[in-house]
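1. sequence and predicted structure are below.
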Number of protein chains: 2
Amino acid sequence: MSGVFDATTDPALRSWVPVPAECDFPVQNLSLGIVSRAGESPRVGVAIGADVLDLALVAEAGLLEESLPGSRVVLSGASLNALLGRGRSAWTALRARLSRLLAVDDQTLRDVPGLVERALYPRTQARMRLPFAVGDYVDFYSSIEHATNLGRLFRPGAEPLLPNYRHIPIGYHGRSSTIVVSGTPIVRPCGQRRPDPQRGPVFGASAALDIELEIGFVTGPGNALGTPISIAAAREHIYGLVLVNDWSARDIQAWEYQPLGPFLGKSFATSISPWVVSLAALEPYRVAGPVQEPEPLPYLRTAEAWNYDIALSVELQSAQMARAGTAPLTISRPNFKKMYWNMAQQLAHATVNGAVTRPGDLFASGTISDVEPDFGSLIELTWRGAHPIRLPDGSQRAFLQDGDSVRLLGHAGGGAAPRIGFGEVSGSVSAADLGTTSTEVNP
Amino acid sequence: MSGVFDATTDPALRSWVPVPAECDFPVQNLSLGIVSRAGESPRVGVAIGADVLDLALVAEAGLLEESLPGSRVVLSGASLNALLGRGRSAWTALRARLSRLLAVDDQTLRDVPGLVERALYPRTQARMRLPFAVGDYVDFYSSIEHATNLGRLFRPGAEPLLPNYRHIPIGYHGRSSTIVVSGTPIVRPCGQRRPDPQRGPVFGASAALDIELEIGFVTGPGNALGTPISIAAAREHIYGLVLVNDWSARDIQAWEYQPLGPFLGKSFATSISPWVVSLAALEPYRVAGPVQEPEPLPYLRTAEAWNYDIALSVELQSAQMARAGTAPLTISRPNFKKMYWNMAQQLAHATVNGAVTRPGDLFASGTISDVEPDFGSLIELTWRGAHPIRLPDGSQRAFLQDGDSVRLLGHAGGGAAPRIGFGEVSGSVSAADLGTTSTEVNP
């Protein structure tokens, strides 16, 4: 697709569905999600302007079958997995068809009596579900600024980057069962932590609840056991991207993570945005990544531009600010384009040992930190609490307090170029449920 | 169930199906798996003696509906997940019913014309599938002997156990997509390693392919997000156990694992045994675990005996031994009963932060090492190659060579007590597929 003119990304393209100014979802975007209205089963929808178009109904009318054989089944399911499994040619055909059906000069949808009235409705009426059933969830560590910051925080005086960092896209497996869609309340996790290194651990609610601003990619067809996905083939397997908030309990994590890595400090919840933005939509915003020095091993080398220019922001609002009607405070504005390791390298690395990927696997970038002060986690933004964030309500934050809401946003383009937005991933922190195990015991 | 006489574990129970001496599957076992014969779809079967009983056919005859409503659907599926989701009361009812139907004094099955002829057949004719679709896969580190050995090997001169070891059942998430059933060939993985710490990493086939002898438990109904499973409730969520071989590439692992833990050194393949042994069958073999000092925090405390007396063995056979008809060499005979952290503690810990478990989640023990020389991995058995294993064909092994076969076996009881066996988990190592990326590059 690279270098080839694609009508679906033509900036001149307009839709007959009204698209407000600064809207994340013009006709060049066509993000897909799983939607339902009251009394409906979940099905595939496409975001267009301030509306959603119910693709199960469009498929039922027979309007998608030619471009996507089996469309009635694929688009009426409760996840995008079936579509993800179809592969790039199917994704491209469906995108081209939707682009045409929604184009200002096309009457097809409007010519079917009652269809637009039933299938097109305001996004505010849509209940958004998890867009895909996640098989395996991998979280990388691909921002060199983030890795450097954490090295400085946790190993002061030492070389901040470990020797493997510039050779390997470092990553680990997270828990897929607790990946939740934007808006799901985040209960402050309980667990073991050791606030006083001279004493034993205690049990209780995390006192260091953090966010991690990330972008994740979801994979398509997948590979057979023992058959790596080469870096040249990565584009055939990556459908698109979502925003990710990898909530983290820093105190639980610090006590548990040696020697096998993060576990309960991360596994309590990971939020993703409900609309999946395709690589096809983001094609005009591909950019070269940073120079990698030393040059990676051959299986990680690519001449293609595999970074994406995506402007991100992190918003924080306390319960008191919400009550007072005070707008959320933007605390960071990193860009995704500077990530040291790109998605193609990550996928090639993750499968080079023959490991299998399946439709719906999620690979997240790791915290996206830009140059100071545009970091993607509170532990970096406040330098582990040394420089707390001051909120408009007069309070301070080292980490999240109960009642705090966090919203991550992202978009490519804007202005004269089509704005390809992600919507948002948001979550509010509710108090820990200490139940009968609330007594802190310090043996 | 503890302390209550259970007819299904009565040592006097006999089946009308012949059970050979020293067979893993007497009527007290009733392990379930997913089986098929040529031309058949996969379905649930129960192992009995040298045979398998096709439970889809028994359910179709209407003989299981009373004990397991919906039995025709649940038992004709390609995984045990639906049954796992039904919970302990359903598991208990089905087990009691199968125990009765197979008892020597029961004619029910034999009274249905043609049923036994169609549904009961030699296990050698059964193609065994992965018994359950794995949601999330967690691997613990619960043998204190193993953790001590690895500490000595990797941090010589330092305290072998890290400060958190006796407080936390240490674990991490593995890759569920590459969990395979016994017999699946294991392709030697490729990846990055750094044989010479003074130079850069190289790419190539692992030169340190190892095994890890483990036992895993599979979970049932599961919990809601934010609602931990207490240690007292663990038995309601643990259906049964399988043998696990967590194949490990030590050289890939050593180079990649800082700071986020094991990733590609483990994710290329994890083999499990095809027959799932229920906790109910193992009930007579529950034993107290080792004294835990210091006493764990309250959420990890239980007065119940949660260890299991299971004799294990590791067999190794080279290609040359196989060709010469030389029997495999038993290289280790650990017992599962000494594990420092038990399954109830592991499940309570893994969910104490509110993380969700689902039917089919697999939680493995980590390498089971007993006192020397009964260790569960080659890196311990050969002390990182310092004391290679001598095989009957005259060759030596520090790690696995291409053509080597490994077989893990396990059973409780035996002799006068019913033998509750696991069958086996086996795998043979085939050469790496270096493809076009075979050139080792050392920049």
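-> Done, it's in.

2. quick one, what contacts the residue of the stretch 1-150 of chain A found nearest chain B?
-> For the stretch 1-150 of chain A and chain B, the shortest gap (C-beta to the nearest C-beta) falls at A:Asp136, measuring 5.2 Å. All C-beta spots, glycine's among them, are computed from the backbone N, C-alpha and C. Listed by C-beta atoms under 8 Å, 6 or more residues apart in numbering or on different chains, the contact set of A:Asp136 reads A:173, A:176, A:357-358, A:361-362, B:175-177.

3. again, but for A:Gln258
-> A:Gln258 neighbours (C-beta under 8 Å, 6+ apart): B:162, B:164.

4. mind doing that once more with 6 Å?
-> Going by C-beta atoms under 6 Å, 6 or more residues apart in numbering or on different chains, A:Gln258 touches B:Leu162.

5. which member of the contacts of A:Asp136 is positioned nearest B:Gln320?
-> For the contacts of A:Asp136, the minimum distance to B:Gln320 (C-beta to C-beta) is 32.4 Å, reached by B:Arg175.

6. what's around the nearest residue to the closest one once chain neighbours are set aside, how many residues?
-> Spatially, and ignoring its direct neighbours in sequence, B:Arg175 is nearest to B:Ser267 (3.9 Å; C-beta to C-beta, 6 or more residues apart in numbering or on different chains). Neighbourhood size, B:Ser267 [other C-beta atoms under 10 Å in any protein chain shown]: 29.

7. okay, now the residue of chain A found nearest chain B: neighbour count?
-> Relative to chain B, the nearest point of chain A is A:Gly261 (2.3 Å; C-beta to the nearest C-beta). A:Gly261 has 26 neighbours, counted by other C-beta under 10 Å.

8. dump the residue contacts of it.
-> By C-beta under 6 Å, 6+ apart, A:Gly261 lies in contact with A:172, B:172, B:260-261.

9. just flag the most distant two among the residues you listed.
-> B:Tyr172 and B:Leu260 (9.0 Å).

10. which one of the contacts of A:Gly261 is nearest A:Thr9?
-> When the contacts of A:Gly261 are ranked by distance to A:Thr9 (C-beta to C-beta), A:Tyr172 comes first, at 34.7 Å.

11. the closest residue to A:Ala90 other than its chain neighbours is in what secondary structure piece?
-> In this structure, A:Ala90 finds its nearest non-sequential neighbour in A:Leu68, 5.9 Å apart by C-beta to C-beta, 6+ apart. Under DSSP states H and E, no helix or strand contains A:Leu68.

12. what number of residues lie near A:Leu68?
-> For A:Leu68, using other C-beta under 10 Å, the count is 20.

13. phi first, then psi, for it.
-> Backbone torsions of A:Leu68, given as degrees, to the nearest 10, read phi -140, psi 90.

14. which outside residues touch the biggest strand by length in chain A?
-> Secondary structure of chain A per DSSP state E: the longest strand is strand A:417-430. Residues from elsewhere that reach strand A:417-430 (C-beta under 6 Å, 6+ apart): A:11, A:24, A:26, A:28-29, A:182-183, A:185-188, A:243, A:245, A:271, A:273, A:275, A:277, A:281-282, A:400, A:402, A:404-413.

15. could I have the buried ones of the residues you listed as PyMOL selection syntax?
-> Provided next is the PyMOL selection string for whichever of the contacts of strand A:417-430 are buried by 16 or more other C-beta atoms under 10 Å in any protein chain shown:
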select buried, chain A and resi 24+26+28+29+182+186+187+188+243+245+271+273+275+277+281+282+400+404+405+406+407+408+409+410+411+412+413
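
16. of the contacts of strand A:417-430, which belong to strands?
-> Using DSSP E, these in strands are A:186-187, A:243, A:245, A:271, A:277, A:405-413.

17. between B:Tyr172 and B:Leu260, which is the more surrounded one?
-> Neighbours were counted for B:Tyr172 and for B:Leu260 using other C-beta under 10 Å; B:Tyr172 has more, 26 against 20.

18. A:Leu260 is in contact with that one, correct?
-> Yes: between B:Tyr172 and A:Leu260 there is a contact at 4.0 Å, judged by C-beta atoms under 6 Å.

19. A:Asp111 - how many residues pack around it?
-> 10.

20. quick one: it from A:Ala61, how far?
-> 10 Å (C-beta to C-beta, to the nearest Å).

21. same deal with A:Lys266?
-> Counting by C-beta to C-beta - A:Lys266 and A:Ala61 are separated by 44 Å.

22. so which of these two has more stuff around it?
-> Neighbour count, other C-beta under 10 Å: between A:Lys266 and A:Ala61, A:Lys266 has more, with 28 against 17.

23. tell me the contacts of that one?
-> Contacts of A:Lys266 (C-beta under 6 Å, 6+ apart): A:174, A:248.

24. can you tell me which of the contacts of A:Asp136 are in strands?
-> A:173, A:362.

25. out of the contacts of A:Asp136, which are buried?
-> Using 16+ other C-beta under 10 Å, the buried ones in these are A:173, A:176, A:357-358, A:361-362, B:175-177.

26. farthest pair in those residues?
-> Comparing all pairs in the buried ones among the contacts of A:Asp136 by C-beta to C-beta, the longest separation belongs to A:His173 and A:Arg358, at 13.7 Å.

27. check what pLDDT A:Val17 gets.
-> A:Val17 carries a pLDDT value of 98.

28. can you pull out the strands in the stretch 151-300 of chain A?
-> A:171-174, A:179-181, A:186-187, A:190-193, A:202-205, A:209-210, A:213-219, A:238-245, A:248-249, A:270-272, A:277-278, A:286-287 (DSSP state E, counting those that start in this stretch).

29. which one of those strands lies nearest to B:Thr351?
-> Going by C-beta to C-beta, the one of those nearest B:Thr351 is strand A:190-193, 10.5 Å.

30. neighbouring strands for the closest one, and are they parallel or not?
-> strand A:202-205 (antiparallel) (DSSP bridges).

31. before we move on, back to that, leaving out sequence neighbours, find the closest residue to the residue of chain A closest to chain B.
-> Among residues not flanking A:Gly261 along the chain, B:Gly261 sits closest, at 2.3 Å (C-beta to C-beta, 6+ apart).
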